[in-house]
Each structure stands twice: as C-alpha cells, then as structure tokens.
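> Task: produce atomic coordinates for the following.
(chains A, B, C and D)
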There are 2 protein chains.
Amino acid sequence: MKKYYKSQPKHHVAVDCIIFGFDGVKLKLLVIKRDFQPGKGNWSLMGGFLQEDESIDQAAERVLEQLTGLKEVYLEQLYVYGNIDRDEADRVISVAYYALVDTQVFGEVNGHHHTGKWFDINERPDLIFDHNEMVEKALRRLRRKAKIQPVGFELLPSKFTLPTLMKLYEAIYQEKFDKRNFRKKMLSFGVINRLEQKDKTGSRKGAFLYEFDMEKYNGMLQNGARFVFS
Amino acid sequence: MKKYYKSQPKHHVAVDCIIFGFDGVKLKLLVIKRDFQPGKGNWSLMGGFLQEDESIDQAAERVLEQLTGLKEVYLEQLYVYGNIDRDEADRVISVAYYALVDTQVFGEVNGHHHTGKWFDINERPDLIFDHNEMVEKALRRLRRKAKIQPVGFELLPSKFTLPTLMKLYEAIYQEKFDKRNFRKKMLSFGVINRLEQKDKTGSRKGAFLYEFDMEKYNGMLQNGARFVFS
DNA sequence: TCAAAAGTGTTCAGCGTACACCCATGT
DNA sequence: ACATGGGTGTACGCTGAACACTTTTGA
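Residues are numbered from 1 along each chain as shown, chains lettered A, B, ... in the order given. As a prediction, this is how the structure comes out:
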C-alpha cells in the first residue's frame, strides 16, 4: 500500500505554539530564546518537528508539555504557514497552535524549565520568521472565540473573582467595560457559581469567588442558548 | 544552511479543496470520482500533493485550476488534518481549503474536465477518508463567514437579483428568511447597486439586477461599520 | 383576468449601553 | 474616619423579528 505516493515530495512539518497567559492584570505571551540554529539567541515561539508516530495535535501537545510541563490545557489549531522561504534554513511547513494557560499553574509546574519568558502582549519582543504574524492571528482568533465561547476561563485559576474576570476581558479586548453591565451579562449566562469564600487580596471588602460550571454550560447549549459576550 | 533539520522526518503534504457552488436554488458541492488508487472509484474532494517549489496557497490554487480551470476564485485555508491513519495508503498531512465559485462560470470553463460532479449539499455522497469531516467543517466556516463578510457574493454571477441573493442565504443557512427584513438589511449596508436591467427569467414582473460594489464595501469598513448579517 | 413572483412599512419586544451611589472593611 | 475597591438598578435607543397587501406582466 505504501507505494502509491512514492513519487511525491516530502516536507519538514513543524508545530509552533502561541501560548497566552493572564497574570491578573495583563495578557501575557510565553516565548523562548532559541538556543539552536538558525536564529540562535532570538526570541521565538515554542516549536518542534512533527514525528512519524504522532498526529499533529499530539505533536502540539508534546511540544507544549516538553517546554512548559503543562498537560491538558486549552489548545487549538490556528493556521498553517507554508511559504517556501518562511524558515531561513530550509523549507518547513509550520502548523501554528494557540494555547491558553493559567500562569499560576505554569509558575508552579515550571521549575526546571527556564527557557521561557512571559511578556505583556503589548511589549512582546520581535520574533523570528513569521512568528509575529502567527501571534497576531492568534490574538484575533482569541478575541473572536472569547466572544462566543467561554474560553477566557482557561486563562484563570478555577476560582476567580468577577473583577478579575472583567480585567481579563479588558486585557483581551484592550478596552474598558462597565462594571454593572459586565456583571449582568456574565451572570445572565448562568454558567458561573458564586462560592462562599471571598478573595481579600484585592480590596479590604473582599470580592466573592466564582467558579465556572461546565455542566450548566453544556445544559445551556442544549437549550439552544449561546454564550455571546458583548 | 540546509543541514540543521537533516535529522528530522519529512512527510507527504497534500491539499484538498472543498468547492462550493450555487445554482440559483441549492448550495452545491463539487466532488470527483477518484481514478487512481487508493480509493479508486470512490467520491472524493479534489486534491493534490504539495510540491517543492510552491507555497501551500499556491498548491491549492494549482489544484483548483487543474481540475476546474478556475482561477482567482475565493479560496481560504480551512484546517489541517494530520492523523496518522487518515489516508489508507500512507501517511499524508492534508491542508483543506474551501472555495466559492459561481457555477455558471464553471459550467462554461469546464469543457474538457468531466471528472467533477456537482451535488446538492444535502445529497452529497459519502466521501473517502476524512473528507466528510472536512466538508462539514467547511460548511460551518462558510456559515460563520457569511454572517460577517459578504463572501456570499462569490457564489453568484456579478449581476444578481435580490430574490436570488436571498435564496443563496437560505441555502447556506437552510432556513427561510422574511423577504422584507432581508431586503431591508441587505440594502442597509449600502454595498450593492441596483442596475436598470431586470431579470425576467424568474417571474413575469421581473426582478431588478444588482451588483456588489467593492469600493463602497471598503469605504464602509473604513468608517468602522461592519457587514453583519442576521 | 388571473396566476406568480416582486416589491414595500410598521409595530413591538429585547438587548446593549450609559450612568451614580452605597457597602464592607482594614488601617 | 476614611480610603479603597466591591457591589447594585434604571432608563433609553436601536435593532431583529413578525406580519399582509399591492404591483407588474405574460399567458
């Protein structure tokens, strides 16, 4: 069976990961300083080559885990970049994925991996090859997605306050929202539960903690309702 | 420079095209009967292997032109399919593209290519490999896109009537729309111009022909306005 | 004259948006 | 007591959705 495509060319295929995080104030991007050629010493997205025994999704998960130690984070294919000269060294097709991670979890897990550095999304350094383009596309995708699906919660700890959630949305959209309207809208979906605890790190009064309720979200979808922000 | 990646595996990379058309009534899908192994005799999307000297976008354009004779049609990358066993014969990474073509133009251009066949989108045959999945994803994408960009016009001749345009939207969304609301909405964007001519093929009274005005559309975007259907 | 599709306005409800004050608490 | 962020309700305008009749013309 393997003979049919023998005459066809083969190509290097890589995955590159755009990793977004949120520190409670700013939207962050995790990049690495390349310690190999080409482009050694430059800032770059995390990436790796697709191997024979893994799907592309698996490759993305592997790359993410190898470099951050994180598993089971939100990871979505973004786009394929296939210009002939996009990589200086040789032709490489790159499949870009974007990931949403809670920076607090990453902080703990990180430990022995010091290659990565978080940058504020607006102060990120210039990246090699077409990686800037990838980041911009990922940002546009994140902004679109966050409007119609509760993906934002992936960037937060499992317990979070409404003011923090609002700051996240403000960081994603680079726009200020009205406190009352934001709460009304968010609570109207009925997919977050208020807990008894308060988080007092942000103020003297303290803000109630909430958690995302996946079951209620699924129920909501089955009722034909939709999560539509803004 | 070419040495850096020597140790990394290479893969077959293909493009597959989901080609949508509109015949004035139904949304159509163009598929081919494979005349080569594996899967010879089965229905399949049009595809081809990525060559060394072309970008992926170029490969998609080439495949589309080789099999339909069509150039400069709406073509957009959809998704990459990279499971190890997705192709029976050997591992092939497939980059799916979807295209929107005016079936009338294709009819003329077609001529010597008889490999393809148009199916109503709801009566399409089972396709090989993961091509069914690709078509479903393309449909979802088309539905999403058509809400926020005037891509629908790609499926129509340059001159079209409002009843036809409405039928197109009904075919895309598989849903009936109210004539008055549809016209009001469409005309409110101010991006189609009414011509003096009427098309009398659809009724005795005849319906005015319109054409899409790209300049007005661009102007509209610069004013911060948006094309948002429904 | 009639059949068949084209064309045309109004009303109502729901939603997004703007907007200002009191509350709880640690210092 | 006071400063700091947390929490709450209302009014208005716009837009999507529902809805029915007249017009044109070829047969």
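> ok, what's across the strand from A:Y210?
A:F160, A:R194 (DSSP bridges).
> need the contact list for it.
A:159-162, A:165, A:192-195 (CB atoms under 8 Å, 6 or more residues apart in numbering or on different chains). Where C-beta positions appear, they are placed from N, C-alpha and C, glycine not excepted.
> Neighbour-wise, which one of these leads?
A:F160 (24 neighbours; other CB atoms under 10 Å in any protein chain shown).
> thought it was touching A:G202?
No: taking contacts as CB atoms under 8 Å, A:F160 lies outside contact range of A:G202: 11.0 Å.
> what secondary structure does A:K205 sit in?
Here A:K205 takes the coil state, with states given by DSSP: H, G, I helix; E, B strand; the rest coil.
> Could you give me the buried positions within the longest helix anywhere in chain A?
Counting residues, the longest helix in chain A under DSSP state H turns out to be helix A:131-148. By neighbour count on 16 or more other CB atoms under 10 Å in any protein chain shown, the buried set for helix A:131-148 is A:131, A:134-135, A:137-139, A:141-142, A:145-147.
> for it, what is the average pLDDT?
In this model, helix A:131-148 has an average pLDDT of 97.
> now stretch A:133-140, how far from the chain's geometric center?
11 Å (CA atoms, centre = their mean, to the nearest Å).
> Counting neighbours, what do you get for A:E175?
With other CB under 10 Å as criterion, A:E175 counts 9.
> give me the low-pLDDT residue ranges for chain A?
A:1-2, A:107-114 (pLDDT under 70).
> What are the boundaries of the strands in it?
Using DSSP state E, the strands of chain A run over A:10-22, A:27-33, A:43-44, A:46-49, A:74-81, A:92-102, A:116-120, A:159-161, A:192-199, A:207-212.
> And chain B, is the longest one touching that?
Yes: residues of strand A:10-22 are located near chain B by CB under 8 Å from any CB of the partner chain, namely A:10-13.
> could these go into CSV alongside distance to A:D178 and neighbour count?
Formatted as CSV, the residues of strand A:10-22 next to chain B follow (distance: CB to CB, whole Å; neighbours: other CB atoms under 10 Å in any protein chain shown):
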residue, distance to A:D178, neighbour count
A:K10, 55, 17
A:H11, 50, 21
A:H12, 49, 20
A:V13, 46, 25
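> out of those residues, which one sits closest to DNA strand C?
Ranked by distance to DNA strand C (CB to the nearest atom of the strand), the residues of strand A:10-22 next to chain B are led by A:V13 at 41.3 Å.
> Would you mind listing what in chain A touches chain B?
Counting by CB under 8 Å from any CB, chain A sits next to chain B at A:1-2, A:4-5, A:8-13, A:36-38, A:49-57, A:59, A:77, A:79-80, A:82-84, A:88-93, A:95.
> Would you mark the buried spots in stretch A:57-77?
A:57-64, A:67-68, A:70, A:73-77.
> From A:I56, how far out is the nearest residue to A:K33 once chain neighbours are set aside?
Nearest residue to A:K33, sequence neighbours excluded (CB to CB, 6 or more residues apart in numbering or on different chains): A:W43, at 6.1 Å. Noted for A:W43: a distance of 24 Å to A:I56, by CB to CB, to the nearest Å.
> what about the two, which has more around it?
Neighbour count, other CB under 10 Å: between A:W43 and A:I56, A:I56 has more, with 22 against 19.
> That one contacts B:I93, doesn't it?
Yes: look at A:I56 against B:I93 with CB under 8 Å: they come within range, at 6.9 Å.
> list the residues that contact both of these two?
In contact with both A:I56 and B:I93: A:13, A:50, B:80, B:82, using CB under 8 Å, 6+ apart.
> Is DNA strand C within reach of stretch A:152-169?
No: if you take CB under 7 Å from any atom of the strand as the test, stretch A:152-169 misses DNA strand C, and the best it gets is 11.7 Å.
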